[in-house]
Each structure stands twice: as structure tokens, then as C-alpha cells.
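Engineer: Sequence plus predicted model, see below.
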2 protein chains.
Amino acid sequence: MTVRTYGQFCGVARALELVGERWSMLIIRDLLLGPKRFTDLRTGLPRIPASILSSRLNDMESSGVLRRRVLPQLDAAVVYELTEYGAELDQILLQLGLWGARSLGVPGQQDVFTLDSAILSLYTTFRAEAARNAHVSFELRYGPMVVHALVDGGALKVAEGSYPAADLVICSQASLVPLLTGEVSADQALRSGLVAIEGDPAHLELFTSLFHIPSAPKPSVGLAVH
Amino acid sequence: MTVRTYGQFCGVARALELVGERWSMLIIRDLLLGPKRFTDLRTGLPRIPASILSSRLNDMESSGVLRRRVLPQLDAAVVYELTEYGAELDQILLQLGLWGARSLGVPGQQDVFTLDSAILSLYTTFRAEAARNAHVSFELRYGPMVVHALVDGGALKVAEGSYPAADLVICSQASLVPLLTGEVSADQALRSGLVAIEGDPAHLELFTSLFHIPSAPKPSVGLAVH
DNA sequence: CTGGATCCCTCACGATACTG
DNA sequence: CAGTATCGTGAGGGATCCAG
């Protein structure tokens, strides 16, 4: 189980040796939302072979990114959870998700849309600075999957399940990406049937201002200016 | 050349399909510092097979992360440079480098320390908020490799080569990591011979406050709280 | 000399089956 | 349920060769 290295004395190379193998980042993505069992991870990552999941978990446990924990229950349930070190990847994962979301096309026939990525997508696209004075709650229904998002003045909490007190219920028939990029306005989304809502249409306008996929670059650090 | 996918409709998965293959991130790391020729990239990544470099460049060109450009010269020199989209990975790469630097041990016998990673390491460890009122210049000598860093009130510019007007010259005999993490103080580093300087020792103290590898976590977004 | 392409070998990945 | 074992395939690694 000797990890392949890059032969470089470099923080980036080291990071990639820890979490750069195929599937590792997606495992971490799912664990960011809480400890999970082996089977939970398989469910969230339908295409990962069990043997690969097993070896990734072992590798990342050895390197201190996550840990195995035996729950104090009769059935001795085992969960995997991020260590503090591993959990510090959260911002990086969110930014990477936002960067990648910009080139998400339409979902392919084979693509799965999991609960965890639905929840994560709300965190990645959340614009805290636009939510300073916002206090609003949404329930989102992606087919059978239901999550809710509570916006409370710059803070966001997303979780699974319904939220009967929600200010707005959004039922999406397809990908919300065009709405989040601004390619489609709230109005257009409603009229075209991209989404259906229960509640005040003005709240959908608010939703698009709180959750957004920027098409223009954020100001760069200025390394690659030419 | 059909790219392996993860079969997920998710920004993180999409990002990994674009830049998650082995070596891709390190290619981008080097290109963050400016356009480079095929041979320059090979020099900075000694262990990458030419065939892999070639296919990564082609893949990332197809996906819009970088572009080939033919310089208007007689020899028709070709350079590779990041697109605007690719360049937006800069913050992510810097943060990933900082995260990985925390588990950098001592450089292995086989490890190379390239000019680009030396320059990048200064960007990754730079603390702009600690440099608000700082105006100072450093020359760093890692064996035969020489770079200089200009700190100008929260802004940093690092480049290759000597800088005769530098306020402080730092000659490192070994890895600077212990100094940057605070494991070794500026005083101890001098007395132990970890570094030798030309200039005011007080500037070395300043250096350690400007460039730092935090051992404690930065505040997390609060996803993985349990 | 740069910018690759081609060959071959090895090992990680991926699918399936199996066990405590 | 929670993984490990087996095994074929294809990507990575290294050397060599070729075109502009």
C-alpha cells in the first residue's frame, strides 16, 4: 500500500498525495456533511467499487485525513468521519465545486444527483455577503429528494427533508444550474416551467440573489497576469 | 480520449473530471506563474512522462482550462497558458498547497524542490492581513536557487533571481518548513544554523510573521460540526 | 533542439464474487 | 452489513524514436 508520490517537495504535491487519488475528494465531500457508514458512502457514490472505497478509507485513515470510529452501540456500528485536519478541506471543496459547476452541462442520462451533492451545491453557491439582511427559508424538491435551506443573516443551514414553514417551496423539473448562473431569470424559469413554486414569486427572485454561480471570474491573486 | 467520469451531476465531480487526473494540478500550478513551453513543464515536473504531459495538455486544452499559443517569433515557439477559467483555480491551488504543507515532512532523498514551488510556497504562506503596514524585501537562496520577495503593504510579488537591494538575504541550508510553522523560532533557526542571513536579524522575525504555515485550523464553514 | 508519438511493462482501477 | 479476494483491463511510467 505504498502511496504513489510525485517526488516533489511541495505543498500542492503533498496534498495531492493525500487526497488527490481518484474518488478521494468525493469521499471527503460526502463526509463533510457528517460521519457516514461504509454503506452510506457506497450509496452516495454509486459507481465506486467497494474495493476502491475500502482502500481509500484505509489510506486516508493512515494519513490522518479521516478516522474510523466505533459507535457505542450494541451492533458496534462503524462510521468514518473527517479528522480536524481533513475537515479543513471544506472551503477548498466548496470553491472547487463552484468552479466545476460553471462547466456543468445538462445532467447526462447516467448521472446521479445525490442528496449530498444537492446539499453541498447550496453551500457552494451561497453568497453570504448578499444575505446579510436576509431571513428566509426554502424547501427544494428535486423529484423525490427534498431538502431545506434556512438563511439567517449571512448564515446558512441546509438539511435533508421537508420544512413546512418554508417561505417558498421550489420544485425543479430539471437542473437548476441555468437559474443559478443567471442564464435564465426567475421569471423565465417560472414561465418556462423549469421550476414550479408554492409561495410568493418574489422569494424566487431573492433565492437567485442568495444562491449564484458566477460566470465572471473572481479577482485573481495576480499570479498569472499577462 | 474519452475522459473518465464519475457519473455524478455535481460541481466537485465535474471539477475533478477537468483537473483531477494525476499530474493535472501540478501542471496548473506551474502555469499559474506564467506561460510555459513543453520543455519548461518537463523541467519543472521531472518525473512526468512526456506522453502523460502531452495528453494532459490536450485534455485540458479541449476542456478550456488552458490554451496553446504560438508566439509571433521566427521559431514559432509554442507556449501553454491558462485560460481565464483555468486561472481562477489560483486561490484553490494556494489553499491546497497550504493545507498540504502542514504534512510536509523533511524532503526525501529523491524529492526535487523546483523554482516554481519555491515561488508558490511564498504565495501560499503569505499572510496579507499581517502585511498591511509592511514594506520590506527579501532575497532567498535555496542552494543554487535564488528568488526574491517584495512585500508592499499587503501585496506580494515574488520572482526568480537576486535582488541586491533586499533588506534581508536568507540562505537556507534545509527546509524552511519548521521556521514557517513556528516549530522553530527565528532565533533558534539562526543559532542552529538552519538559516544564515545577511542583514538585520529583526527582519527575520518579520519574515516569520509575514510568511506562516498555520498549525491550527482556520475557522471552518461549519458543515462538519459534530 | 522542441514537441511530441510510439512501444512495452507494470500496477492501479473497476467488476464481480466471496467471507466474517 | 462491512468489508476483502480475485482477476482482467487500461492508464501510468520509462525509454526510445520521429517530425518540424
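Structural biologist: Okay, I see it. Predicted model, so just to flag it, every value in this text is computed and none were measured. Numbering: from 1, shown residues only, chains lettered A, B, ... in the order given.
Engineer: So which residues on chain A come close to DNA strand C?
Structural biologist: Residues of chain A that fall close to DNA strand C, judged by C-beta under 7 Å from any atom of the strand: A:2, A:4, A:21-23, A:47-52, A:55. All C-beta spots, glycine's among them, are computed from the backbone N, C-alpha and C.
Engineer: 6 Å - rerun?
Structural biologist: Within chain A, the positions near DNA strand C by C-beta under 6 Å from any atom of the strand are A:4, A:21-23, A:47, A:49-52.
Engineer: Could you turn the buried ones of the residues you listed into a PyMOL selection?
Structural biologist: PyMOL command restricting these to the buried ones, with burial defined by 16 or more other C-beta atoms under 10 Å in any protein chain shown:
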select buried, chain A and resi 21+23+52
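Engineer: how much space is there between the residue positioned nearest the centre of chain A and A:R37?
Structural biologist: Centroid-nearest residue in chain A: A:L120, 2.1 Å away (criterion: C-alpha atoms, centre = their mean). Counting by C-beta to C-beta, to the nearest Å, the separation of A:L120 from A:R37 is 19 Å.
Engineer: Chain neighbours aside, what residue packs nearest to A:Y6?
Structural biologist: Once flanking residues are discounted, A:Y6 sits nearest to A:A13: 4.2 Å by C-beta to C-beta, 6 or more residues apart in numbering or on different chains.
Engineer: The one you found sits in which helix or strand?
Structural biologist: Assigned by DSSP states H and E, A:A13 falls within helix A:11-19.
Engineer: and that helix with DNA strand D, contact?
Structural biologist: No - using C-beta under 6 Å from any atom of the strand, helix A:11-19 stays clear of DNA strand D, coming no nearer than 10.9 Å.
Engineer: The residue nearest to the centre of chain A contacts A:L94, correct?
Structural biologist: Yes - using C-beta atoms under 8 Å, A:L120 is in contact with A:L94, at 7.5 Å.
Engineer: just checking, A:V12 touches B:S24?
Structural biologist: No - counting by C-beta under 8 Å, A:V12 stays clear of B:S24, with 11.3 Å between them.
Engineer: which of the two has more neighbours?
Structural biologist: A:V12 (30 against 21; other C-beta atoms under 10 Å in any protein chain shown).
Engineer: Now do the helices in chain A.
Structural biologist: For chain A, applying DSSP state H gives helices covering A:11-19, A:24-31, A:38-44, A:50-62, A:84-87, A:90-101, A:115-125, A:177-181, A:186-192, A:201-210.
Engineer: give me the low-pLDDT residue ranges for chain A?
Structural biologist: In the predicted model, chain A carries pLDDT under 70 at residues A:1-2, A:216-222, A:224-226.
Engineer: Within range of DNA strand D, give me the residues from it.
Structural biologist: Residues of chain A lying near DNA strand D (C-beta under 6 Å from any atom of the strand): A:4, A:37-39, A:50-51, A:54, A:77-78.
Engineer: Pick the one among the residues of chain A next to DNA strand C closest to B:R69.
Structural biologist: Closest approach to B:R69 among those (C-beta to C-beta): A:R22, at 30.6 Å.
Engineer: May I have the phi/psi pair for that closest one?
Structural biologist: Torsion angles at A:R22 (phi, psi; degrees, to the nearest 10) stand at phi -50, psi 140.
Engineer: And chain A, what are its domain boundaries?
Structural biologist: A:11-88, A:96-210 (automatic domain parsing).
Engineer: re earlier: touching, the residue nearest to A:Y6 and B:L96? I think so.
Structural biologist: No - taking C-beta under 8 Å as the definition, A:A13 is not a contact partner of B:L96, at 10.0 Å.
Engineer: list the residues that contact both of those two?
Structural biologist: By C-beta atoms under 8 Å, 6 or more residues apart in numbering or on different chains, A:A13 and B:L96 have no common neighbours.
Engineer: separation between A:S185 and chain B?
Structural biologist: Going from A:S185 to chain B by C-beta to the nearest C-beta, to the nearest Å gives 22 Å.
Engineer: and that residue, what does it touch?
Structural biologist: A:T208.
Engineer: Please report how far it lies from DNA strand C.
Structural biologist: Using C-beta to the nearest atom of the strand, to the nearest Å, A:S185 is found at 39 Å from DNA strand C.
Engineer: same thing with A:N58?
Structural biologist: A:N58 is 11 Å from DNA strand C, by C-beta to the nearest atom of the strand.
Engineer: tally of neighbours for that residue?
Structural biologist: For A:N58, using other C-beta under 10 Å, the count is 12.
Engineer: distance of the closest residue in space to A:T208 that isn't next to it in sequence from DNA strand C?
Structural biologist: Excluding the flanking residues, the one nearest A:T208 by C-beta to C-beta, 6+ apart is A:A186, at 5.3 Å. Between A:A186 and DNA strand C the computed distance is 39 Å (C-beta to the nearest atom of the strand).
Engineer: One more: A:L223?
Structural biologist: Using C-beta to the nearest atom of the strand, A:L223 is found at 21 Å from DNA strand C.
Engineer: hmm, back to that, looking at the domains of chain A, which is closest to B:H212?
Structural biologist: domain A:11-88 (12.9 Å).
Engineer: Tell me how far that closest one lies from the chain's centre.
Structural biologist: Mean-position distance between domain A:11-88 and its chain equals 15 Å (C-alpha atoms, centre = their mean, to the nearest Å).
Engineer: can you pull the contacts of A:G108?
Structural biologist: Contacts of A:G108 (C-beta under 8 Å, 6+ apart): B:5, B:7, B:9.
Engineer: Lovely, talk soon.
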